[in-house]
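[1] Below are the sequence and a predicted model; questions follow.
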Amino acid sequence: MLSKIKHKRIQAARRAHRTRALLHGTADCPRLTVKRSLKHIYAQLIDDDKGRTLAAASDKGVSAKGKPVEVAKEVGKQLAEKAKSAGLTKAVFDRGAYRYHGRVAALADGAREGGLIF
C-alpha cells in the first residue's frame, strides 16, 4: 500500500500529464507553465520543440508585497513584460496539476493584463 503522500504525488503527476497531453509550446506560441508552492509562485514560457525556456518570472523577483493573490498577479505582469521584450505575444496556458483558481488564475490574469494572449 502506498503512503498518502506518495499517492497524492502520483495523482498530481497524472493530472499534470492529462493537462499537458493537449498542450504544446512552440517558438511563436510558447507554453506558459506555472509552479506553485506554499510560499512562492513561478512561471516560465517554454518552447517545447527545442526544450528551452524563453522567459521566466517568480515572486522572488517582484517587489510587490501583500496578499499572495496580488503578488501572483504581479508575477504574471512581469512575465508578460519579459515576453514582450523577447518578441512574444501569444502563449498556451499550462496550469499543470493545479486548479485554475486563486494564485494560478491571478497569475494568468496578470499575464493577460500585461499583453499576453491566451
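    Thanks, I have it.
[2] which SS class is the residue nearest to the spatial centre of the chain?
    Centrality entry for the chain: nearest residue to the mean C-alpha point is Val34, 2.3 Å, by CA atoms, centre = their mean. State at Val34, reduced to three classes by DSSP: H, G, I helix; E, B strand; the rest coil: strand.
[3] ok, it - contacts?
    Counting by CB atoms under 8 Å, 6 or more residues apart in numbering, Val34 touches 41-43, 94-96, 98, 104, 107-108. (C-beta placed from N, C-alpha, C; glycine too.)
[4] Mind checking which of these are in helices?
    104, 107-108 (DSSP state H).
[5] Okay, and Val75 sits in which element?
    Here Val75, judged by DSSP states H and E, is contained in helix 68-85.
[6] Could I get the average pLDDT for that helix?
    The average pLDDT for helix 68-85 rounds to 97.
[7] Check what pLDDT the residue nearest to the centre of the chain gets.
    97.
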